[in-house]
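# Fold the stuff below for me.
(2 chains)
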Amino acid sequence: AQTVTQSQPEMSVQEAETVTLSCTYDTSENNYYLFWYKQPPSRQMILVIRQEAYKQQNATENRFSVNFQKAAKSFSLKISDSQLGDTAMYFCAFMKPFSGTYKYIFGTGTRLKVLA
Amino acid sequence: DTGVSQDPRHKITKRGQNVTFRCDPISEHNRLYWYRQTLGQGPEFLTYFQNEAQLEKSRLLSDRFSAERPKGSFSTLEIQRTEQGDSAMYLCASSLATGTVYGYTFGSGTRLTVV
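Numbering: from 1, shown residues only, chains lettered A, B, ... in the order given. Next up, the predicted model:
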């Protein structure tokens, strides 16, 4: 069974600085997808970035980038030039494709607070 | 399209009562998911529909839980004889079958409090 671990329950960062959120996972699969979702207070969860395991190149989306280390089963999220609107819970998630269900296995989340 | 809608946003109920939640997915999305999120935890998969067919149920979905998606449109999640342990955020999400690997669209959730 797959597991996802986020070892940082809470983090804070000054506005305009860079922060890295950690995620490790365990799987015996070779082909899978990894995601970071953001859940602002009292608002819906939105996709931040995704990574296909068969791609060696790390995904980037504007200020958000990942460091994907497949052998180490590590998938960290880097947020550059942090903004107050980045304050949220961040969840790392694993998806096994072609399983029929395409369900997520989520980590327990990291609460990020961006300080003015 | 206004995204995935969930109703109600909040529900407080007494232990033993039945509750029903509704989810309206994005209209062209044929896949619909229910997840449960308890305090301090990430969302956990409950069940999944492709069109009107319920194709997988988690072991978390006890006999007191039932979900439907008539006509492959909106979905309902009913909890009978609620218990305090049912207190959680219930999240609905949808996707196109061809686009699921690109992520879901989540609703804002229904927060259930059982007192």
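# Quick one: the strands in the chain, in order.
You didn't pick a chain, so chain A it is. Under the criterion DSSP state E, strands of chain A are mapped to A:3-5, A:10-14, A:19-21, A:24-26, A:33-39, A:46-52, A:60-61, A:64-69, A:74-79, A:88-95, A:104-106, A:110-115.
# That was the other one, I meant chain B.
Using DSSP E, strands in chain B cover B:5-7, B:10-13, B:19-24, B:31-37, B:44-50, B:53-57, B:65-68, B:75-79, B:88-95, B:105-106, B:110-114.
# Show me what the spatially most central residue of chain B bridges to in the sheet.
When CA atoms, centre = their mean is applied to chain B, the residue found nearest the centroid is B:Trp34 (3.3 Å). With DSSP bridges as the criterion, B:Trp34 is bridged to B:Thr47, B:Cys92.
# Which positions within the lowest-mean-pLDDT helix or strand in chain B qualify as buried?
The helix or strand of chain B with the poorest confidence is strand B:53-57; it has a mean of 93 (mean pLDDT, DSSP states H and E). By 16 or more other CB atoms under 10 Å in any protein chain shown, the buried positions in strand B:53-57 come out as B:Gln54, B:Glu56, B:Lys57. All C-beta spots, glycine's among them, are computed from the backbone N, C-alpha and C.
# and what of stretch B:97-115?
Judged by neighbour count (16+ other CB under 10 Å), stretch B:97-115 contains these buried residues: B:Thr100, B:Gly103, B:Tyr104, B:Thr105, B:Phe106, B:Gly107, B:Ser108, B:Gly109, B:Thr110, B:Arg111, B:Leu112, B:Val114.
# The residue in chain A positioned nearest to chain B: neighbour count?
Proximity of chain A to chain B (CB to the nearest CB) peaks at A:Phe106, 3.1 Å away. Using other CB atoms under 10 Å in any protein chain shown, the number of residues around A:Phe106 comes to 22.
# Report the contact partners of the nearest residue to it once chain neighbours are set aside.
Using CB to CB, 6 or more residues apart in numbering or on different chains and skipping the chain neighbours, the partner closest in space to A:Phe106 is B:Gly42 (3.1 Å). Residues counted as contacts of B:Gly42 (CB atoms under 8 Å, 6 or more residues apart in numbering or on different chains) are A:Val4, A:Gln6, A:Phe91, A:Ala93, A:Phe106, A:Gly107, A:Thr108, A:Gly109.
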